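1. Structure for the following, please:
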Amino acid sequence: MPKAPTTSGTTRTQTRARANTTAKKPKGATSPKAQTNSAEMDPSEWRQSKIPNGQTISKGEAMKRYRLKASDLEGLKFQRTETVVVGRIVPMYLYNEQEVERKAWERHGGPEAFDAYLETLRKRYIAKHGNALLFPQPRSYEPAEGAVYVVRLAPGPSSATDYDPHVGRSPKLLRIKQEMPSWLWETCNMILDRDDGFSVGDGIGPGLFTRDRDREGPMAAALKLAKTYPPRPVDRLPSSPALDNLRAILDEAPRMPKNHEWGEDVEGMEVMHHAWPDDDYTYEWNSSYLDQVFTALIEIIRVRGAGDEGWRSARWEVYDKYAECVSGLSYDRHEDRWLDSAGHWLDGQYTVGGRDILFAISSRSKSSVGKQYNDMLPYRTSQDVPSVGLM
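-> Next up is the predicted model:
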């Protein structure tokens, strides 16, 4: 972002005024240009603010959008509150935005001078970035008809349908989206949106991840997790007896009810109680149903092989069903960590026994045919390599 010109008690408007009044004048004489600048500096003649009364803005956003320094905000009243950034509770300072705008006008010599300053920065910004993201400016300064100044980092047709609210104005989120598989980008943002809804319902606030900058940390962590996933097939495999058998079994998958008391029995599920590190419960498809799933996967490997026309693609159908019915991707904002409880369905062969516990904690260990299935997989997932969905 272009930096604001440094000044020492003098605005750019005042500097221009001096440049135009260098000739000596009789004492008390005032040039027409100086009179105009004097009018611009008269606060009583400044226009009305478009910002609604009572609207607040955080300290960081005030400095970013109005190009102010921390020292410019000294003397303004503020409200101290808290917010969550990358899983941490941090203090946040809210200022009256009309007062912040007034400070920007004072610094630059009036509202028209501030407009001209923003326009200069906007032109530099677009020239530097090409076509990428929205120019950061106060929201009340955006065109009233809803038009936006858009620059795009990646080449492509400009269209209103290109806008992604989960990217917003953040170049970091745009880069993450470009590097992340689209299905994972959509899933992670859906989870953060859901957590936002929980935070509102629980009275925590207007949303933990509503603002672009609050979403950047979790999505950067998700990008690291993305490197553990194998390529997802674009299309589902066509019908075949072995695949149809697996799909029929998945259609009958036991699922967690939407409303249930945690720890209660669920038909077709095994519930396990854990006392450490916290008192909690884990749900899993029961051994009878897991036997059916693994037997169907074994048949696919035998008939269609373990390549893209067989197991490598079919495993994704089991992954999706498990994530839908039991448990899948989740985000722990306190630890800034993603965990995919369904990821083990995408893993290769585990080492059984010894120090490698991946087999023991996966669904394979809970089925009588799980080890047979594990031994048929085409490659080994080493304990030195992150398991899918784990970092």
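2. Give me the neighbour count for the nearest residue to Glu317 once chain neighbours are set aside.
-> Excluding the flanking residues, the one nearest Glu317 by C-beta to C-beta, 6 or more residues apart in numbering is Leu250, at 6.4 Å. Where C-beta positions appear, they are placed from N, C-alpha and C, glycine not excepted. Leu250 has 18 neighbouring residues, counting by other C-beta atoms under 10 Å.
3. for Gly307, same thing?
-> Gly307: 11 neighbours (other C-beta under 10 Å).
4. Helix, strand, or coil at the residue nearest to it when sequence neighbours are not counted?
-> Of all residues not flanking Gly307 in the chain, Pro378 sits nearest, at 7.8 Å (C-beta to C-beta, 6+ apart). When classified by DSSP: H, G, I helix; E, B strand; the rest coil, Pro378 comes out as coil.
5. count of neighbours near Pro378?
-> Neighbours of Pro378 using other C-beta under 10 Å come to 13.
6. contacting residues for it?
-> Ala306, Gly307, Trp311, Gly348, Gln349 (C-beta atoms under 8 Å, 6 or more residues apart in numbering).
7. can you name the two of those residues that are farthest apart?
-> Gly307 and Gln349 (15.1 Å; C-beta to C-beta).
8. wait, isn't Gln292 in contact with Leu250?
-> No - assessed by C-beta atoms under 8 Å, Gln292 is found out of contact with Leu250, at 9.5 Å.
9. May I see the buried residues of the helix or strand hosting Tyr281?
-> Assigned by DSSP states H and E, Tyr281 belongs to strand 280-285. For strand 280-285, burial by neighbour count (16 or more other C-beta atoms under 10 Å) applies to Tyr283, Glu284, Trp285.
10. Other residues contacting it?
-> Contacts for strand 280-285 (C-beta under 8 Å, 6+ apart): 253-254, 256, 262-263, 266, 268-274, 290, 293, 322, 325-327, 363, 366.
11. So among the residues you listed, which ones count as buried?
-> Ala253, Pro254, Met269, Glu270, Leu290, Val293, Tyr322, Cys325, Val326, Ser327, Ser363, Lys366.
12. who's the third one bridged to?
-> Note on Met269: beta-bridge partners Trp285, judged by DSSP bridges.
13. For it, list the residues it contacts.
-> By C-beta under 8 Å, 6+ apart, the contact list for Met269 reads Pro254, Met256, Tyr283, Glu284, Trp285, Asn286, Val326.
14. Also the first one?
-> With C-beta under 8 Å, 6+ apart as the criterion, the residues that contact Ala253 are Gly268, Trp285, Tyr289, Lys321, Tyr322, Cys325.
15. Redo the residues you listed as JSON lines? Include pLDDT and distance to Ala113.
-> Shown next, in JSON lines, are those (pLDDT from 0 to 100; distance: C-beta to C-beta, whole Å):
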{"residue": "Gly268", "pLDDT": "88", "distance to Ala113": "70"}
{"residue": "Trp285", "pLDDT": "94", "distance to Ala113": "67"}
{"residue": "Tyr289", "pLDDT": "96", "distance to Ala113": "71"}
{"residue": "Lys321", "pLDDT": "94", "distance to Ala113": "62"}
{"residue": "Tyr322", "pLDDT": "94", "distance to Ala113": "61"}
{"residue": "Cys325", "pLDDT": "90", "distance to Ala113": "61"}
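16. Need the residues you listed in a markdown table (columns: distance to Ser182).
-> As requested, these are exported to a markdown table (distance: C-beta to C-beta, whole Å):
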| residue | distance to Ser182 |
| --- | --- |
| Gly268 | 32 |
| Trp285 | 28 |
| Tyr289 | 31 |
| Lys321 | 20 |
| Tyr322 | 21 |
| Cys325 | 23 |
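17. now the stretch 251-391 of the chain, which segments are flagged as low pLDDT?
-> 258-263, 273-280, 354-356, 381-386, 391 (pLDDT under 70).
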